[in-house]
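Okay, structure incoming, though there's no sequence with it:
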DNA sequence: TAGTGGTCTAGACCACTTA
DNA sequence: AAGTGGTCTAGACCACTAG
């Protein structure tokens, strides 16, 4: 272990760096966790110790420690101290953006398969706050990349002639646009669900897969300002193209050795 | 709209509440977003305006605004202001804990099916930083609830006689323990992946499903302090029992009306 | 130039834990 | 009683944006 990264060392921060002091402190400590200078269960230096060690004010050191706590690397116990956490699968956080970013090069083609107005089925009325038979907007889209199908999207919208929602929806031709505004444009709240499903024959044909084969289903429900569910839809995604990934614990710290 | 929730009102905070001032401010603003007092694209009051409006210091109001930004409800633009964001699917964050919490009532039974030492296959050596043929710990577990299978877990560990890892692993009999320490006990870093897969006949038999039927696969790789991949495993989860859910946008605000 | 958010200071008081 | 983290103050300087 390099002496400069020892846990007791007074590693000072670079006041002229573009990186804020609180971030330098958070990074320094997380690197010490990554390299084993601090291990799971160890108590980190108290905030006052870190203040003198880094030569900053309490608020700055506190902000750094909060970052470690938010990342799940440490837990703070009032009156006791701040302790390094051990890894726990349950702490994992998956961000949809990391999955969709792979396709943000604009090469995705959005093909509108159907746009119609139809009465709500019992199932639709159950999910959306409406009566069976009420007029609904029904949309079906296929998303492709180099002519190869990636996702099949279906969506139901409560029909509201006052809202120019449908026209905006029909103009969507990019994945970015679809993810930004699928159903939820202008709504304050939504719920998402990810699960594994078996493809219906219709979806399987469109995705060029076998009926019943596994796919990732991203379901979304949006609510209006009065709390009413007004949009319901789901993406069926080819499982070879869509995975959620997440890192837990300390960020990569150039491998400890170096 | 009630006048007390209007956007220009000087809604004061309760100094004697158990809820900190910064949280009251964040909640107040997010409720105003939920009910439509502020809409997507609107500029929120400046920090100095919020300071005078709520009667708190700049740091307190800043902390509240930061919470809104972290939740994805607003974006802060230096020199311009803070603006309400529109919903975007890409901002969704899924927490594994919310899926596993359903089973934290202790009614899960962990059954160790196999614990052996075997040479690494080419595939294992490819994922873990080891040579084909190197001695590996191989574990297979079945997790049940009321005798009904929920998850099938397989795991490979680089064998290290200095590490009492295996013994600790064998003692795991609860889901909590497994999720806390599956492979990663004492390691600083791990990677997780969630995807949809089709079940092998072996896994399907154990999970009481049909071969090839869809399942949610949670894969995990853990790294030691030198950055070496030393643990690889995955949970195959019954799709009817395991979903990832997430809320985006403003939290539920008692339905706008009231 | 005025206003905005981003960072930081040097304290303060409180609740909590441990001894 | 001493030490810890949790909250909050009342400012400060900076970088950035706009008119």
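Cool, got the structure. Note that the coordinates shown come from a computational prediction; the quantities given were computed from them, not determined experimentally. Residues are numbered from 1 along each chain as shown, chains lettered A, B, ... in the order given.

does the nearest residue to residue A:65 once chain neighbours are set aside sit in a helix, a strand or a coil?
Excluding its sequence neighbours, the residue lying closest to residue A:65 (C-beta to C-beta, 6 or more residues apart in numbering or on different chains) is residue A:82, at 5.9 Å. Quick note: C-beta positions are derived from backbone N, CA and C, even for glycine. Secondary structure state of residue A:82, per DSSP: H, G, I helix; E, B strand; the rest coil, is strand.

Across the sheet, point out what pairs with residue A:82.
For residue A:82, the beta-bridge partners under DSSP bridges are residue A:76.

can you check residue A:249 too?
Taking DSSP bridges, one obtains residue B:189 as the residues bridged to residue A:249.

Can you name the next helix or strand after the helix or strand that contains residue A:205?
Secondary structure from DSSP states H and E places residue A:205 in helix A:201-207. Sequence-wise, the next helix or strand downstream of helix A:201-207 (DSSP H and E) is strand A:214-223.

Just want the angle from that next one to strand B:214-223.
100 degrees (axes from the mean of the first three to the mean of the last three C-alpha atoms, to 10 degrees).

In its sheet, which strands sit next to strand A:214-223, and in what direction?
Strand A:214-223 has these partner strands in its sheet, going by DSSP bridges: strand A:189-198 (antiparallel), strand A:229-237 (antiparallel).

chain center to it, what's the gap?
Taking C-alpha atoms, centre = their mean, to the nearest Å, one finds strand A:214-223 lying 14 Å from the centre of the chain it belongs to.

Any idea how far apart the tips of stretch A:217-230 sit?
20 Å (C-alpha to C-alpha, to the nearest Å).

Then stretch A:89-98?
Terminal-residue distance, stretch A:89-98 (C-alpha to C-alpha): 19 Å.

Next one: that stretch, is it in contact with chain B?
Yes - using C-beta under 8 Å from any C-beta of the partner chain, a contact is recorded between stretch A:89-98 and chain B, made by A:89-97.

Same check on stretch A:43-53?
No - residues of stretch A:43-53 contacting chain B under C-beta under 8 Å from any C-beta: none, with a closest distance of 14.2 Å.

And for that stretch, what's in contact with it?
A:10-11, A:25, A:29, A:38, A:57-58, A:61-62, A:64-65, A:68, A:74, A:81-84 (C-beta atoms under 8 Å, 6 or more residues apart in numbering or on different chains).

what do you get for stretch A:119-135?
Applying C-beta under 8 Å, 6+ apart, the external contacts of stretch A:119-135 come out as A:117-118, A:136, A:156, A:158-159, A:221, A:228-232.

What subset of those residues is buried?
Using 16 or more other C-beta atoms under 10 Å in any protein chain shown as the burial test, the contacts of stretch A:119-135 include A:136, A:156, A:158-159, A:221, A:229-232 as buried.

For these, point out the one with the lowest pLDDT.
Looking at these, model confidence by pLDDT dips furthest at residue A:159: 84.

wait, doesn't that one sit right on residue A:137?
Yes - the pair residue A:159 / residue A:137 is scored as a contact, 5.3 Å apart, by C-beta atoms under 8 Å.

ok, the residue of the stretch 101-250 of chain A found nearest DNA strand C - contacts?
Using C-beta to the nearest atom of the strand, the single residue of the stretch 101-250 of chain A nearest to DNA strand C is residue A:188, 19.9 Å away. By C-beta under 8 Å, 6+ apart, the residues touching residue A:188 are A:223-225, B:33-36, B:87, B:249-250.

Swap in 7 Å and give it another go.
With contact taken as C-beta atoms under 7 Å, 6 or more residues apart in numbering or on different chains, residue A:188 is in contact with A:225, B:33-34, B:36, B:249-250.

element containing residue A:97, please.
Judged by DSSP H and E, residue A:97 forms part of helix A:96-100.

and the helix or strand following that helix, how far out from the chain's middle?
As assigned by DSSP H and E, the chain's next helix or strand after helix A:96-100 is strand A:108-119. Strand A:108-119 sits 26 Å away from the centroid of its parent chain (C-alpha atoms, centre = their mean).

Stretch A:124-144 now?
Centre-to-centre, stretch A:124-144 and its host chain are 25 Å apart (C-alpha atoms, centre = their mean).

Mind listing what's buried along that stretch?
Within stretch A:124-144, the residues that count as buried by 16+ other C-beta under 10 Å are A:124-125, A:128, A:130, A:136-144.

Make TSV from the strands paired with strand A:214-223 and add distance to residue B:215 to it.
As requested, these are exported to TSV (distance: least, C-beta to C-beta, whole Å):
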stretch	distance to residue B:215
strand A:189-198	6
strand A:229-237	15
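
Look up the pLDDT of the residue most central in space within chain A for me, please.
Nearest residue to the geometric centre of chain A (C-alpha atoms, centre = their mean): residue A:95, 2.0 Å. Predicted confidence (pLDDT) for residue A:95: 94.

Relative to residue A:192, how far out is it?
Distance of residue A:95 to residue A:192, given as C-beta to C-beta, to the nearest Å: 12 Å.

what bits of chain A have low per-residue confidence?
Residue ranges of chain A with pLDDT under 70: A:1-10, A:104-106, A:163-176, A:181-185, A:253-258.

which bits of it sit near DNA strand D?
Counting by C-beta under 7 Å from any atom of the strand, chain A comes close to DNA strand D at A:44, A:46-49, A:58-59, A:62, A:65, A:76-82.

again, only this time at 10 Å
A:18, A:43-51, A:57-59, A:61-63, A:65-66, A:69, A:74-83 (C-beta under 10 Å from any atom of the strand).

Perfect, I'm done here.
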